[in-house]
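In: just a sequence and a predicted model for now, questions to come.
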Amino acid sequence: ETGVTQSPTHLIKTRGQQVTLRCSSQSGHNTVSWYQQALGQGPQFIFQYYREEENGRGNFPPRFSGLQFPNYSSELNVNALELDDSALYLCASSLPQLAGTDTQYFGPGTRLTVL
Amino acid sequence: QKEVEQNSGPLSVPEGAIASLNCTYSDRGSQSFFWYRQYSGKSPELIMFIYSNGDKEDGRFTAQLNKASQYVSLLIRDSQPSDSATYLCAVPSGSARQLTFGSGTQLTVLP
């Protein structure tokens, strides 16, 4: 167990709807990264939050947005859902270290199905 | 060219054998490398990281890094059926040091 939690575990939505996914980081970690993993692929970076600010963003459209709260928990919001948004959404928490050795620990993920 | 490449497999080895998983990366400036294990339907679990050339051992797992050739490998000794999973290689990149993953290698250990 990494201490990173995510909710909900599974979610079914229809095209055009909006969804909010939640993540609680491991104790002491101030950085949360979100990834999307399609079936048979490696996770793809969506964005990262560090101390409540967006710290980097991958190649995802603006309808993917997020928040980080003072307790370092985080939300991922997706508007206008498309069928291709069906995936496993992973949250990872970390504590920045020198020379890029900070380790990201993943939560159990949220399986989103868009019909 | 993909930034991180892995053979997708599937790779099958008999129980007790050594499983060898390979990963190549394109960014010569990469400093650290991570191996994650992902069971079907579960999230990635960190196995080990390496940032110095050479070998790093942790139990039955050995990570090998060769920066000149831009590859990193993972050896699993005395493979067990419980090692059957997809193994993901990941390299930090970008301003956020986000992880760029390969597509993973599916390993099956046959009893």
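Out: Cool, the structure landed. Numbers count the residues shown, from 1 in each chain, chains lettered A, B, ... in the order given.
In: report how many residues lie close to residue 26.
Out: Answering for chain A, as no chain was given. Burial measure for residue A:26: 18 neighbouring residues, criterion other CB atoms under 10 Å in any protein chain shown. From N, CA and C alone the C-beta is placed, and that goes for glycine too.
In: nope, chain B
Out: Residue B:26: 14 neighbours (other CB under 10 Å).
In: wait, residue A:104 sits on residue A:92?
Out: Yes: at 3.9 Å, residue A:104 and residue A:92 qualify as touching, with contact defined as CB atoms under 8 Å.
In: okay, and the common contacts of those two?
Out: Contact criterion CB atoms under 8 Å, 6 or more residues apart in numbering or on different chains; residues shared by residue A:104 and residue A:92: A:33, B:99.
In: what about whichever residue of chain B sits closest to chain A, neighbour count?
Out: Closest residue of chain B to chain A, CB to the nearest CB: residue B:96 (2.6 Å). Residue B:96: 20 surrounding residues under other CB under 10 Å.
In: quick one: residues contacting the closest residue to it other than its chain neighbours.
Out: In this structure, residue B:96 finds its nearest non-sequential neighbour in residue A:56, 2.6 Å apart by CB to CB, 6 or more residues apart in numbering or on different chains. Residue A:56 is in contact with A:45, A:47-48, B:94-96, B:98, counting by CB under 8 Å, 6+ apart.
In: pLDDT score for residue A:56?
Out: At residue A:56, the model reports a pLDDT of 92.
In: does residue A:84 belong to a helix, a strand or coil?
Out: With DSSP: H, G, I helix; E, B strand; the rest coil as the basis, residue A:84 sits in helix.
In: quick check on the residue lying farthest from the centre of chain B: phi, psi?
Out: For chain B, the residue at maximal distance from the C-alpha centroid (CA atoms, centre = their mean) is residue B:95, at 23.0 Å. Note on residue B:95: its backbone torsions stand at phi -60, psi -30 [degrees, to the nearest 10].
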